[in-house]
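K.L.:
Return atomic coordinates for the entry below.
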Amino acid sequence: ELGTMVGFPERAVGDTTRVATTRGRWRASCRGGLPGRVRRRALPGRSSASERGHASMYSRKTLESTVTKKSPFKLETKRSLAEQVADRITELIVSGDLVAGDQLPPEVDLANQMGVSRTALREGMRTLEAQGLLEIQPGVGTVVREVGHEQLVQPLSLYLDVSGRAVSFEEFHSVRTILETEVAALAAAGAVGADIDILRGFMAEMEENVEDADAFATSDANFHETLAKTALNPLLGLLVGTLRVLLEEHIRDVVGHIDPATDVIPYHAAILEAVEAGDAEAARQAMDDHLAKAKENYYATVSTN
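P.N.:
Residues are numbered from 1 along each chain as shown. This next block holds a predicted model:
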């Protein structure tokens, strides 16, 4: 009767009658009265909902067990994955778990340890490479770089480029005077024989390169940076190192208009002599004399040209 009412041909009792409704397809049995909803059969080759649920749970558990392995690279914050990658590796470098020269695991292994895609890993690694913390060496892999003044120079140079504001000689010279006079005094108290030998080597290079402005500027800047590194205060070495680009530029501008053999080298020799003698006050005064002469050289040459 039900089949006839909805326009379907009659079938024998016990057969299954399909009834179309606006809510979908229903399967009803003519036995026992009103039709009841019957579970849809799974199509061949297609897993059931319960099977799919079990598979999803298994996949999640497998991924979770991989990600939660005890690895120093495991991520624990809710920032973007690339940021987490960069943050975590930076933390390992800062803590000393990764040191200069250490090679990171291969990309696939590192991505698995961090629980991130290789795309997110590469993005985070590119950030650290741009910051100078990592270096990709062909045939070797990704290696931790030694942290030095280069990591401070880059943002300083970027600031100067973006701001469009040039640093005047007076501003630069003022900073040098504040830093380097005390650096010389501290170097006199902390320098050892090996430090003196290195400084003397840069002095010899300066004497050899009086006709080569670029080479002379490099040796001169090396002398000042090495002096700062002997001051028993690593921050001073970094700060003087950040001025290196400006220092070399200043030396190149001036040295072509003066006689380095009389206007520069003797002042460095006086600094070295005081540092070697361990005389802090004499070293401070020698540096002050050197910077005063550098200012005189600048205004007698570059500023007038």
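K.L.:
ok, the closest residue to Ala100 other than its chain neighbours to Ala231 distance?
P.N.:
Distances taken as CB to CB, 6 or more residues apart in numbering place Glu146 nearest to Ala100, at 3.9 Å, with adjacent residues excluded. C-beta: built from backbone N, CA, C; applies to glycine. Glu146 sits 19 Å away from Ala231, taking CB to CB, to the nearest Å as the criterion.
K.L.:
which of those two has more neighbours?
P.N.:
Ala231 (23 against 12; other CB atoms under 10 Å).
K.L.:
ok, the nearest residue to the more buried one once chain neighbours are set aside to Glu180 distance?
P.N.:
In space, and not counting its chain neighbours, Ala231 is closest to Leu186: 3.7 Å by CB to CB, 6+ apart. Per CB to CB, Leu186 is found 10 Å from Glu180.
K.L.:
Among the two, which residue is more densely surrounded?
P.N.:
Neighbours were counted for Leu186 and for Glu180 using other CB under 10 Å; Glu180 has more, 25 against 20.
K.L.:
So which elements touch the helix or strand that contains the more buried one?
P.N.:
Assigned by DSSP states H and E, Glu180 belongs to helix 169-190. For helix 169-190, the elements it packs on are helix 213-229, helix 234-242, helix 244-255, helix 265-277, helix 280-300, judged by 3 or more CB pairs under 8 Å, 6 or more residues apart in numbering; DSSP states H and E.
K.L.:
Would you mark the buried spots in the longest one?
P.N.:
Read it as helix 280-300. 280, 282-287, 290-291, 294, 297-298 (16 or more other CB atoms under 10 Å).
K.L.:
where does the stretch 201-305 of the chain dip in pLDDT?
P.N.:
303-305 (pLDDT under 70).
K.L.:
change it to 90
P.N.:
231-246, 249, 256, 300-305 (pLDDT under 90).
K.L.:
just to revisit the earlier point, could you tell me the angle between the helix holding Glu180 and helix 213-229?
P.N.:
Relative orientation of helix 169-190 versus helix 213-229 (axes from the mean of the first three to the mean of the last three CA atoms, to 10 degrees): 50 degrees.
K.L.:
before we move on, the earlier item: is the residue nearest to Ala100 in a helix, a strand, or coil?
P.N.:
Following DSSP: H, G, I helix; E, B strand; the rest coil, we place Glu146 in the coil state.
K.L.:
Distance check, it against Ala269.
P.N.:
Counting by CB to CB - Glu146 and Ala269 are separated by 31 Å.
K.L.:
hang on, the earlier thing: can you tell me which of the buried residues of helix 280-300 is closest to Asp197?
P.N.:
Closest to Asp197 out of those is Ala283 (17.2 Å), distances taken as CB to CB.
K.L.:
With Val275 as the reference, measure out to that closest one.
P.N.:
Separation of Ala283 from Val275 (CB to CB): 5 Å.
K.L.:
Could you name every residue contacting both of the two?
P.N.:
Counting by CB atoms under 8 Å, 6 or more residues apart in numbering, the shared contacts of Ala283 and Val275 are 184, 187-188.
K.L.:
for these, which one is nearest Thr127?
P.N.:
Thr127 has its nearest neighbour among these in Ala187, at 36.2 Å by CB to CB.
K.L.:
show me what contacts the closest one?
P.N.:
Ala187 is in contact with 195, 227-228, 230-231, 275, 283, counting by CB under 8 Å, 6+ apart.
K.L.:
what do you get for Leu246?
P.N.:
Taking CB under 8 Å, 6+ apart as the test, what Leu246 contacts is 167, 172.
K.L.:
any idea how far it lies from Ser117?
P.N.:
42 Å.
K.L.:
tell me which residues of the helix or strand Val108 falls within are tucked away?
P.N.:
Secondary structure assignment for Val108, by DSSP H and E: helix 107-114. Neighbour counts over helix 107-114 (16+ other CB under 10 Å) mark 110-114 as buried.
K.L.:
Could you do stretch 211-222 as well?
P.N.:
Applying 16+ other CB under 10 Å to stretch 211-222 flags 213, 216-222 as buried.
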